[in-house]
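Peer 1: Pasting the sequence and the predicted coordinates here, then a few questions.
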Amino acid sequence: MSRVTNIDDLPDVDIDSNGRFKYILIKVIDDDKSKFLVRGYKWAAYHADIFDVVAPQDSKFKYECVGGGRIQHSSEKKTIHVYGYSQGFGQADHKISCDLISKKYPDYKVTWSNEGY
């Protein structure tokens, strides 16, 4: 995998296409520029598992996990629901996550709630 050298080349959203899974909201910083990333995968047993894969130790960027939660994604119904929290990282700002997800999935109904785990 080639190393990303420009923060703008990092995809805003990378989530699994179906199912219920853990996700994290990450703030990436490169000198005077920053952006948020949403990452969510079914394979992750813990929110920290995602962070360990997404934020390489030898990266030129600084990565901060600013919270987590869960995503229920139905590609058939074209719906994504973001909710809950991470015991290790706390609750993500689901509105930021949903705004980014809505840009990637403009034809989906994207909702969020602070309820649930």
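Peer 2: Sure thing, it's come through.
Peer 1: Buried residues, the lowest-mean-pLDDT helix or strand in the chain. List them.
Peer 2: The helix or strand of the chain with the lowest confidence, counting by mean pLDDT, DSSP states H and E, is helix 47-54 at a mean of 94. Of the residues in helix 47-54, H47, A48, I50, F51, V54 count as buried by neighbour count, 16 or more other C-beta atoms under 10 Å. From N, CA and C alone the C-beta is placed, and that goes for glycine too.
Peer 1: Can you name the next helix or strand after that helix?
Peer 2: Downstream of helix 47-54, the first helix or strand assigned by DSSP states H and E is strand 62-74.
Peer 1: elements contacting that next one?
Peer 2: Other elements packing on strand 62-74 under the criterion 3 or more C-beta pairs under 8 Å, 6 or more residues apart in numbering; DSSP states H and E are strand 19-30, helix 47-54, strand 79-83.
Peer 1: Residues contacting the shortest one, please?
Peer 2: Where contact means C-beta atoms under 8 Å, 6 or more residues apart in numbering, the residues beyond strand 79-83 that reach it are 15, 23, 69-74, 94, 97-98, 101, 105, 108-116.
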